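K.L.:
pasting a predicted model and its sequence here:
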Amino acid sequence: MSVLERERRGRRDVIGVGVALLNRLAKSRTIDRLGWRRQTERVVFEATKSGFRTAGALSRSFSAASKLTKPARLPAARGSGRFDLTPTEDQQTVVEVVREFAAEVLRPAAPAADTACTTEPKVLTASAELGLSLIEIPEELGGFVTERSAMTGVLVAEALSHGDMGQAVACLAPAAVSTAISLWGDETQQATYLPAFTGDSAPPAAALAILEPRPLFDPFELQTRVTNGKLTGVKSLVPRGAEAELFVIAAQLDDQGPALFLVESGHPGITIEAEPSMGLRAASLSRVILDDVPAVQLGTLADYADCVRLSRLGWCALALGTAQAVLDYVTPYVNERTAFGEPISHRQSVAFMVANIAIELEGMRLVTYRAGSRAEQGLPFAREVALARKLCADRGMQIGTDGVQLLGGHGYVKEHPVERWYRDLRAIGVMEGAVLL
Amino acid sequence: MINLETPRKFRAFVNQAHQVAAEMLRPNSRRYDQAEHEYPVELDMLAAMVDGLGASGTGSGAGASGVRRAEGAEDAGVKNGSNLSSVLSIMEMSWGDVGLLLSMPRQGLGNSAIASVASDEQLRRFDGVWAAMAITEPGCGSDSANIRTTARRDGDDYLINGEKIFVTAGGRCDAVVVWATLDKTLGRAAIKSFVVPKDTPGLTVERLEHKLGIRSSDTATIRFEDCRVPAANLLGSPEIDTGKGFAGVMQTFDNTRPLVAAMAVGVARAALELTRDLLAEAGITPDYDRPTHRQPAAAATYLDLESDWEAAHLLTLQAAWLADNSRPNSLQASIAKAKAGRTANHITLRCVELTGTLGYSEHHLLEKWSRDSKILDIFEGTQQIQQLIVARRLLGKTSAELK
């Protein structure tokens, strides 16, 4: 639907947004679910070997078709003033469908995606059909929403990650770029890039790149630089970097400070290297090397700090889902596994470990929810995100390692998913960028 | 809609509680820590003020009696009620001084027990009574199913015999809520709680403890010898329902554990705030945006402590919010108590370490808060008991299976 058509039909009200979401989701239900369950033929994936290098993957030209006179901006969500832990009906609907997708598609596909270092195209297509990248885009630009919805983003990322964190990151990577453009792009940038993400076909691969490969990395002290509109530097752990057609890249702007820049991947100064890592392997992590590449600034220096925070919020949400997966997995395991003539869960040392997973996870969840809820209500949220990140990095990793410990030797081998969750949960304290709510 | 901010309608009330804590509790904090067992006379005036606060509308029912759950009031929408306002006010008061809060007339844990399970008639009869809670005995602490104090039916009365220790406010209160068994052979189901007025013949306060912390709060040993109480003072059902087991008396804990968690959250916040100021004077200011590994170790430690505090705070609000909305909260109450208890103890001790001699000496209250916080991980169920409860719930285990 074009922008004009939308304007003719009037703005969506709250119910309209819900119906639009449902319509989108209804389409996804036509996916032949049995087809997902069936063991699919093993596809040969080539993008996995280290040392693999390629040029950028731009295969389309982005151009502004029709643009608004000023950029569309989502207003903050209006709070009720009540303490409340109940998701809205829209959120419940979305989360229910995403949970099903995570359970029936992501979880069964996780071991193969982990091994192959890639997420299958049909998984990516299905996630696009769910409209994941539209949750943060204003409806006048073809998205779903009429106000900020970072909290919905938290719930969706959490639900996806319960299936598999690596594939969740692969699915959410393009949304990080479309969300950044929708939040901070000017009217030309919005008109140029967003239609590709809101159209009926799958959105282009795209990635938000902040990390750089060095110890003690700080997103507010970048070595990647932009001088005279040209960007040079190395970005690390970029999801689906080899396929990405569009990057949002964090770089130091002259002597002013760090900011975001839009970079189309077709330029010869861009080289992509595979960067397979401890975990998140399904996200096809890559190093992106940029040498004197044309770059256009996206948003202001102040926007950049918000970008770092909203990205960290995303990683916290991902930690919640995977940590919950650990808890859900070890609970029946310790009840069924017997030693010395009774279930190992009859031992306090085992049972208390499970209890502590639940206690810390619930704390992580509420702190993350508070950060997400403040973000969407337009309240300051730097403090809350920082505290959520600290908890999710530390306690999340503890949950990951306890998950393996509770299964003992069986936790260490790939017959069980806990070793993958252990590797994925280590990412929370490392990652910046890549996802954005 | 998910929102974890302090409810708008409670903000003025929370601010009032904070003013009281800052202007009355804090200034008297050190004095009654040093003068253990001396009655804090300031509290009488304060208690009148708290009663006034409770009656002032927005904060209605806040305090110990705020845990009573409304019955049948199934009006649509999410409620922010007296459970939430109670934990919010207790957080503020404990920020002032948790020992003095525990000595607040008419705000005893026994009052919460009465509010939780009393009939309407009993509620009216015990209105205005300051009630302490007596569970622990010399031979049983966490193992409260194993209590020895007996209640024997005698006509229209019960005769209570036994000894209770660690009764908070046991010296100063007007009445004691006593756990006693109707029949030792019938186990948990036979344990009932009784309101025993302090002037009942046969009730003697044997001694007051000298403690590590919360020294302004009196902790008593109470002996019961053929204490005669009317049958109408039994809280809950007099029937011994072995199917229901412990549920009757244990229900109180679902309501009181969030209150103790709130105390822990309040004490920990006091320590964090002072430590932040002292660190700032030393040139250390934590930065929420920079990675912690690029900040001084003290700043990184502070952020670590603050993140645990934030979790404890929100878990406590969650447990109270569930109660306000008539939803089961046993699991969340124990989770909140476990997290808040251990977090407050950890935070206060670390704050002393971070602030060096300023924290360890009696110049500031940090050393006192470190002593006060320890009890919060012990009473109303120790850390280990909370973990047992959480584990049993998650794993579907009985107390016989998971001991």
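P.N.:
Arrived safely, thanks for sending. Predicted model only: the values in this text are computed from it and were never measured. Numbers count the residues shown, from 1 in each chain, chains lettered A, B, ... in the order given.
K.L.:
and the residue of chain B nearest chain A?
P.N.:
residue B:311 (2.9 Å; C-beta to the nearest C-beta). Glycine gets a C-beta too; all of them are placed from N, C-alpha and C.
K.L.:
return the helix or strand in chain A with minimum mean pLDDT.
P.N.:
The helix or strand of chain A with the poorest confidence is helix A:33-37; it has a mean of 39 (mean pLDDT, DSSP states H and E).
K.L.:
so the strand or helix carrying residue A:391, near chain B or not?
P.N.:
Assigned by DSSP states H and E, residue A:391 belongs to helix A:382-407. Yes - Helix A:382-407 is in contact with chain B by C-beta under 8 Å from any C-beta of the partner chain, via A:382, A:383, A:384, A:385, A:386, A:387, A:388, A:390, A:391, A:394.
K.L.:
quick one: these as JSON lines, columns for neighbour count and pLDDT too.
P.N.:
Output for those, formatted as JSON lines (neighbours: other C-beta atoms under 10 Å in any protein chain shown; pLDDT from 0 to 100):
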{"residue": "A:382", "neighbour count": "18", "pLDDT": "98"}
{"residue": "A:383", "neighbour count": "19", "pLDDT": "98"}
{"residue": "A:384", "neighbour count": "26", "pLDDT": "98"}
{"residue": "A:385", "neighbour count": "28", "pLDDT": "98"}
{"residue": "A:386", "neighbour count": "24", "pLDDT": "98"}
{"residue": "A:387", "neighbour count": "24", "pLDDT": "98"}
{"residue": "A:388", "neighbour count": "33", "pLDDT": "98"}
{"residue": "A:390", "neighbour count": "25", "pLDDT": "98"}
{"residue": "A:391", "neighbour count": "26", "pLDDT": "98"}
{"residue": "A:394", "neighbour count": "18", "pLDDT": "98"}
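K.L.:
what's the closest of the residues you listed to residue B:251?
P.N.:
residue A:391 (31.2 Å; C-beta to C-beta).
K.L.:
who's in contact with that closest one?
P.N.:
A:316, A:360, A:363, A:364, A:367, B:307, B:308, B:310, B:311 (C-beta atoms under 8 Å, 6 or more residues apart in numbering or on different chains).
K.L.:
which residues touch the second one?
P.N.:
Same thing as residue A:360. A:391, A:395, A:398, A:399, B:311, B:339 are the contacts of residue A:360 under C-beta under 8 Å, 6+ apart.
K.L.:
and for the last one?
P.N.:
By C-beta under 8 Å, 6+ apart, the contact list for residue B:311 reads A:360, A:363, A:364, A:366, A:367, A:391, B:339, B:343.
K.L.:
identify the residue spatially nearest to the fifth one, adjacent ones excluded.
P.N.:
Spelled out, that is residue A:367. With C-beta to C-beta, 6 or more residues apart in numbering or on different chains as the criterion, residue A:367 has its nearest non-adjacent residue at 4.6 Å, and that residue is residue A:388.
K.L.:
counting neighbours, what do you get for residue 184?
P.N.:
All of this is about chain A. Residues lying near residue A:184 (other C-beta atoms under 10 Å in any protein chain shown) number 23.
K.L.:
let me rephrase: I mean chain B.
P.N.:
Neighbour number of residue B:184 under other C-beta under 10 Å is 12.
K.L.:
could you report the pLDDT at it?
P.N.:
Note for residue B:184: predicted pLDDT of 90.
K.L.:
from residue B:240, how far off is it?
P.N.:
Distance, residue B:184 to residue B:240, using C-beta to C-beta, to the nearest Å: 12 Å.
K.L.:
quick check, residue B:161 in a helix?
P.N.:
No - per DSSP: H, G, I helix; E, B strand; the rest coil, residue B:161 lies outside any helix segment and is strand.
K.L.:
that one contacts residue B:227, correct?
P.N.:
Yes - Residue B:161 is in contact with residue B:227 according to C-beta atoms under 8 Å; the separation is 7.4 Å.
K.L.:
of the two, who's got more company?
P.N.:
When residue B:161 and residue B:227 are compared for neighbours, residue B:227 comes out ahead with 26 against 16, by other C-beta under 10 Å.
K.L.:
let me see the mean pLDDT of the helix or strand hosting residue A:233.
P.N.:
If you go by DSSP H and E, residue A:233 is part of strand A:230-238. The pLDDT scores in strand A:230-238 average 98.
K.L.:
averaged pLDDT, stretch B:157-176. What do you get?
P.N.:
96.
K.L.:
tell me how far that stretch lies from the chain's centre.
P.N.:
Computed by C-alpha atoms, centre = their mean, to the nearest Å, the chain-centroid distance of stretch B:157-176 equals 18 Å.
K.L.:
kindly list the longest helix within the chain.
P.N.:
Using chain A. For chain A, the longest helix by residue count, based on DSSP state H, is helix A:301-336.
K.L.:
nope, chain B please
P.N.:
Across chain B, the longest stretch assigned as helix under DSSP H is helix B:247-281.
K.L.:
ok, and does that one reach over to chain A?
P.N.:
No - with C-beta under 8 Å from any C-beta as the criterion, chain A is not reached by helix B:247-281; the gap is at least 11.7 Å.
K.L.:
so after that helix, what's the next helix or strand?
P.N.:
Using DSSP H and E, the helix or strand that follows helix B:247-281 in sequence is helix B:297-324.
K.L.:
next one: that following helix to chain centre, how far?
P.N.:
17 Å.
K.L.:
what does stretch B:255-274 give?
P.N.:
Counting by C-alpha atoms, centre = their mean, stretch B:255-274 comes out at 10 Å from the chain centroid.
K.L.:
look up how far chain B lies from residue A:139.
P.N.:
According to C-beta to the nearest C-beta, to the nearest Å, residue A:139 and chain B sit 19 Å apart.
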